[in-house]
Each structure stands twice: as structure tokens, then as C-alpha cells.
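A.B. asks: build the 3D model from these lines:
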Amino acid sequence: MLDKLDKLDLIKLMDTYVIPWGINIVMALAIFFIGKIIVNTLSQLLGKVLRKSKMDNILVNFITSIIRTILLLFVVIAALDRLGLDTTSLIALLGAAGLAVGLALQGSLQNFASGVMLIIFRPFKAGDFVEVAGTSGVVETISIFSSILRTGDNREIIIPNGSIYGGTITNFSARDTRRIDMTFGIGYDDDIKKAKELLAQIVSQDERVLPEPKTVIALSELASSSVNFVVRPWVKTGDYWAVKWDLTEQVKLQFDQAGISIPYPQMDVHHTAKK
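C.D. replies: This is a model prediction of the structure:
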């Protein structure tokens, strides 16, 4: 009689607890391992697609790791739910933790979001000469949270991406050609036509000046102490500074040879002696 009762209890225990829990554990493990394989496969496929779109490797690795972590989190929650655990509280806890972390890292998240936008939309690339966040320099590195610029005197400037993307970005290297805007003044007693012809001659003698668009040379202003000409030649972007400096030097030298003055501000002081 006792043996029969023991067998009945054992069968009941098996039917009530062991077999259902065993099935749940096996199913949960299956969900986890199969889900992990699917997540890894999807992450690899996503990485290949993003790399084919010529996206930056830094961003590709970061995006794939974020997506993989999120998908794995869903897999773990699904496995725990199959075990019969209450995952509602876990999801609420994760949401609260995510909100707290987001508030604590608000500035960093802004820099990260800006870095993603910079890498995706590419307003500039490494090697470009830009002006961002009040700083001018050559772009050395664009990373997720900050970018590095090298100034003309070889200083390294690290700028948070939030400051870059939230302000005006001037990319001097974005176009193949640039216009040089220069202003030269002559005296009121000098020959205007002669000065204009000389400016045109100086510009035409420099082979780096492009024939199209045509150079603009015009009298722009009758200033307080000078008659001002604007000279606006077009050059290749890489020749900008060299041409500007050379033309400025040639204007000074040839104006001096031609007897054309380049006035500068003067002040006449009249002193009346006391009797």
C-alpha cells in the first residue's frame, strides 16, 4: 500500500513539477541559443550592408554592437518569460535604468548623436580645412564623441561633436575652386585707368588664376583716404593662399614702380601756439 502511494506521489510530482519545468527549461535554453545565433547572423548581415554603403567603420561597429545588444536583451527576456518568470517588472526596471543613465549622460549622448550625424551626412572629411565652433583647422579625426582639428601652427584642438553639429560649419575644401576677394586702394591723385590696367595685367600674368569664371576688377568705393578697387580672381582651392599672397606682393611692387600710391590713414594735427 505504501509503495503504491509513493509511486502515485512520484508520478504526481513528475507530472506537476519536474516534466513541466524540464520542458520550460529546455524551451528557454532553445530560445536563448537559437535566438543568439539569429541575432549574430542579423548583426553580421547588417554590418555587411552598412559597409557596402561606404559608412565609416567606427559607426558600423558601434551600430551593429548596439543592435546586437538590444536584440540579445529581447532574447533573454523571451527565455525568462518561457520559464514563467514575470518579465513585466524586469522591463520596467530596465526602462527606468535606461532613463536614469540617459539623464546622467545627456551631454555625452548629444555628442554621440552629433557624431553619428557627422559620419552619416559627411559635411566634412579628414583632410578638409574647416571652421567649426569658432576654430579653424584641418580635420584630423572624426570619432563618435569628438573631432580633432590641427591648426595652422600645428596645435591639436579636440572639439565635442555637439558643439560642431549645433553651430555653423564652413568647409573651405568642399569645392574644387575658390574666389579670392582682395581690395587695393590708390590715392585720389593717381590715374584710375592706369591702376585698373595694371591690376588686370598682374592677375593675367599668374598662370594659377583660372580663365573661368572671369576675374572681376572694379572700382568699388570712394573711401575717406583712398579710391578702392576690388580684385576677385578664381583659383583652385589648393592654390588659394599662395596666389593671394603672391598677388598682394606683386601689386605693391608694381604700384611702386608705376608711381601709384597706396594710401594709409593719416591724421593732421594743427597746433596753435599761445601768445
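A.B. asks: is it correct that Val116 is in contact with Ile144?
C.D. replies: Yes: look at Val116 against Ile144 with Cβ atoms under 8 Å: they come within range, at 7.3 Å. Heads up, the C-betas are built off the backbone N, CA and C, glycines and all.
A.B. asks: and those two? Which one has more around it.
C.D. replies: Ile144 (20 against 17; other Cβ atoms under 10 Å).
A.B. asks: isn't that one up against Met117?
C.D. replies: No: between Ile144 and Met117 no contact is recorded; they are 11.1 Å apart, counting by Cβ under 8 Å.
A.B. asks: any idea which element Ser261 lies in?
C.D. replies: Applying DSSP states H and E as the criterion places Ser261 outside every helix and strand.
A.B. asks: so what's the residue count around the closest residue to it other than its chain neighbours?
C.D. replies: Distances taken as Cβ to Cβ, 6 or more residues apart in numbering place Gly187 nearest to Ser261, at 4.2 Å, with adjacent residues excluded. Neighbour count of Gly187, defined by other Cβ under 10 Å: 13.
A.B. asks: phi and psi next, for Gly187.
C.D. replies: phi -70, psi 160 (degrees, to the nearest 10).
A.B. asks: can you give me the strands in the stretch 51-200 of the chain?
C.D. replies: Assigned by DSSP state E, counting those that start in this stretch, the strands in the stretch 51-200 of the chain fall at 129-132, 135-142, 146-150, 156-160, 169-171, 177-179, 182-186.
A.B. asks: domain ranges for this protein?
C.D. replies: Following automatic domain parsing, one finds the domains of the chain at 2-104, 123-171, 177-258.
A.B. asks: of the ones you listed, which approaches Gln110 most closely?
C.D. replies: Gln110 sits nearest to domain 123-171 of all those, at 4.3 Å, using Cβ to Cβ.
A.B. asks: start to end distance for the closest one?
C.D. replies: 8 Å (Cα to Cα, to the nearest Å).
A.B. asks: now that domain, how far from the centre of its chain.
C.D. replies: How far domain 123-171 lies from its chain's middle: 7 Å, per Cα atoms, centre = their mean, to the nearest Å.
A.B. asks: now do that domain, average pLDDT.
C.D. replies: Averaged over domain 123-171, pLDDT sits at 91.
A.B. asks: same question, stretch 205-212
C.D. replies: Mean predicted confidence for stretch 205-212 is 94.
A.B. asks: would you mark the buried spots in that stretch?
C.D. replies: By neighbour count with 16 or more other Cβ atoms under 10 Å, stretch 205-212 contains the buried residues Asp206, Val209, Leu210.
A.B. asks: nearest to Ser65 among these?
C.D. replies: The nearest one, if we look at the buried residues of stretch 205-212 relative to Ser65 and count by Cβ to Cβ, is Leu210, at 47.5 Å.
A.B. asks: just checking, the closest one touches Thr177?
C.D. replies: Yes: counting by Cβ under 8 Å, Thr177 is a contact partner of Leu210 at 6.5 Å.
A.B. asks: what do those two both touch?
C.D. replies: Trp234, Val235, Lys236 (Cβ atoms under 8 Å, 6 or more residues apart in numbering).
A.B. asks: next, give phi and psi for the last one.
C.D. replies: Spelled out, it's Lys236. phi -70, psi 150.
A.B. asks: got a list of what Asp256 touches?
C.D. replies: Contacts of Asp256 by Cβ under 8 Å, 6+ apart: none found.
A.B. asks: what strand or helix carries it?
C.D. replies: helix 240-258.
A.B. asks: and the angle from that helix to strand 182-186?
C.D. replies: 10 degrees (axes from the mean of the first three to the mean of the last three Cα atoms, to 10 degrees).
A.B. asks: the helices in the stretch 51-200 of the chain, which residues?
C.D. replies: With DSSP state H, counting those that start in this stretch, the ranges of helices along the stretch 51-200 of the chain come out as 57-82, 87-104, 106-121, 161-165, 192-204.
A.B. asks: so which bits of the helix or strand hosting Phe32 are buried?
C.D. replies: Assigned by DSSP H and E, Phe32 belongs to helix 19-52. For helix 19-52, burial by neighbour count (16+ other Cβ under 10 Å) applies to Ala28, Ile31, Phe32, Gly35, Lys36, Val39, Ser43, Gly47, Leu50.
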